[in-house]
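*Asks:* using only what follows, build the 3D model:
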Amino acid sequence: MTTITRETARGDLLRFALFAVLILAMPLWLAPLGAGYPDLMQKFAIYGLFAVGFNILFGLTGYLSFGHAAFLGVGSYTAVWSFKLLGMNPLPAIALAIVLAGAFAWVIGFVSLRRTGIYFAILTLAFAQMSYNLAYSVLTPITNGETGLRVLNSDPRVLDHMMGAGEVEGSLVSTLFGIEMNGLPGFYFCAVWLLIGMYVSFRLFRSPFGLMLMAIKSNQNRMNFTGINTRPYALTAFVISGMYAGLAGALLCVTDPLAGAERMQWTASGEVVLMTILGGAGTLLGPMLGAGIIKYSENIFSAFNEQTLHEIFGFLPDGVEGAVVSVASLFVGEGWHLTLGLLFMLIVIFLPGGVIEGGHRIQALLRRRGKGGGADQAHPQAAE
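*Replies:* I've put the predicted structure just below:
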């Protein structure tokens, strides 16, 4: 048992090291794919963190929440208010966002986890829509309604004024040790938090607490019959997942100090569900992969227009080119959601375990072929 545990730990360490190298080297290997610019890489890191946190709840316990956008919004508003009141240092903003998002998640989870299955999903969706409507209209003095909350030069920013950095020319940007958190520095700041979040996720998956969450997903009723109270475990997972979402919301404001109610809409909650299922729910790296696929599709395929398509299919005869462009234009530009929907349908139908399952199948196929080749070489007469 100890040997298996040590092998698993070594495998996790190797996977995490490889993951860290890939994340930190994003500007290099994403450039040929047209995605090597900082704004998009920041989205990869932030929404990847959002999906990793959601996977702790959905992937481990099986509780499907459609309300995680509420915690994303709470984290965003908290970060902007931290900038307005304290200063443009991102660390206090992140700390406050994590704490408040966790507290809000505890309240919602305490009520919602009284139910399971579809009833739990509906409850979380209802809470998220209530939060969105409150931020959009009722709490306008706090959230600034549909206009959105942003940092102004007239804001107190107490710590900035104490440090002699109160007067700023131009737009206000979050700053850490004199480095502005935009462009590549902003990406690497988000990447560090992604690596921290991923490391915590690795440890949770392999911990006794993670095994208890997996048992809840496997058969919660049987655990209740044995006398184990599963609600505290599920509530803890819900709070941790909400804290991840709050951290992601804060990072969105670190790179762009603006918070709006649209981040709390049900579509944002649905998007993180798609990310997790697309990559592979319950896997360590799947949610990050799913987030990358969706954000890449959103930013790359949505930028295609008819002129771009004509350049791509220019080698075809005129009549054929026009027909191909007409069909292809339905799947790019404003219709990129159609491409994403088709991709999602194919993966759910043929790869229920997500893209990670597809990778495992390819790996198993290559191993079988490799073993077959080795047998043929060992017995050349059989090959003949």
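
*Asks:* now for whichever helix or strand Ala97 is part of, which elements pack on it?
*Replies:* For Ala97, the element it lies in under DSSP states H and E is helix 90-112. Other elements packing on helix 90-112 under the criterion 3 or more Cβ pairs under 8 Å, 6 or more residues apart in numbering; DSSP states H and E are helix 69-85, helix 117-133, helix 231-255. Glycine gets a C-beta too; all of them are placed from N, C-alpha and C.

*Asks:* most tightly packed of those helices?
*Replies:* Mean neighbour count, computed with mean count of other Cβ atoms under 10 Å, is highest for helix 69-85 among the helices and strands packed on helix 90-112, reaching a mean of 28.

*Asks:* residue ranges with poor pLDDT in the stretch 51-200 of the chain?
*Replies:* 165-170 (pLDDT under 70).

*Asks:* same thing but 50
*Replies:* Counting by pLDDT under 50, the stretch 51-200 of the chain has no low-confidence residues at all.

*Asks:* any chance of a markdown table for the helices and strands packed on helix 90-112, columns distance to Gly322?
*Replies:* Shown next, in a markdown table, are the helices and strands packed on helix 90-112 (distance: least, Cβ to Cβ, whole Å):
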| stretch | distance to Gly322 |
| --- | --- |
| helix 69-85 | 41 |
| helix 117-133 | 43 |
| helix 231-255 | 41 |
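
*Asks:* out of those helices, which gets nearest to Met163?
*Replies:* helix 69-85 (14.1 Å; Cβ to Cβ).

*Asks:* report the angle between that closest one and helix 117-133.
*Replies:* 30 degrees (axes from the mean of the first three to the mean of the last three Cα atoms, to 10 degrees).

*Asks:* and helix 69-85, what does it pack against?
*Replies:* Checking 3+ Cβ pairs under 8 Å, 6+ apart, helix 69-85 ends up next to helix 90-112, helix 117-133, helix 140-143, strand 149-150, helix 231-255, strand 258-259, helix 266-279.

*Asks:* any buried residues in the helix holding Ala97, and which?
*Replies:* Across helix 90-112, burial judged by 16 or more other Cβ atoms under 10 Å covers 90, 92-94, 96-98, 100-102, 104-106, 108-109, 112.

*Asks:* Leu316: which of those is nearest?
*Replies:* Distance to Leu316, by Cβ to Cβ, is smallest for Pro90 among those, at 50.1 Å.

*Asks:* ok, now which ones touch that closest one?
*Replies:* Applying Cβ atoms under 8 Å, 6 or more residues apart in numbering, we find Pro90 in contact with 79, 174, 176, 181, 189, 250, 254.

*Asks:* for the last one, give me its contacts.
*Replies:* The one in question is Val254. 79, 90, 93-94, 174, 181, 186, 189-190.

*Asks:* give me the spatial nearest neighbour of it, chain neighbours excluded.
*Replies:* What sits nearest to Val254 in space, not counting adjacent residues and going by Cβ to Cβ, 6 or more residues apart in numbering, is Pro90, at 4.4 Å.

*Asks:* now the third one
*Replies:* Once flanking residues are discounted, Leu176 sits nearest to Pro90: 5.7 Å by Cβ to Cβ, 6+ apart.

*Asks:* look up how far Tyr296 lies from that neighbour.
*Replies:* Going from Pro90 to Tyr296 by Cβ to Cβ, to the nearest Å gives 26 Å.

*Asks:* next: Ser326.
*Replies:* For Ser326, the distance to Tyr296 - Cβ to Cβ - is 25 Å.

*Asks:* okay, the two: which has more neighbours?
*Replies:* Tyr296 (17 against 11; other Cβ atoms under 10 Å).

*Asks:* what sits closest to the more buried one if chain neighbours are left out?
*Replies:* Using Cβ to Cβ, 6+ apart, the nearest residue to Tyr296 is Ala35, at 5.8 Å.
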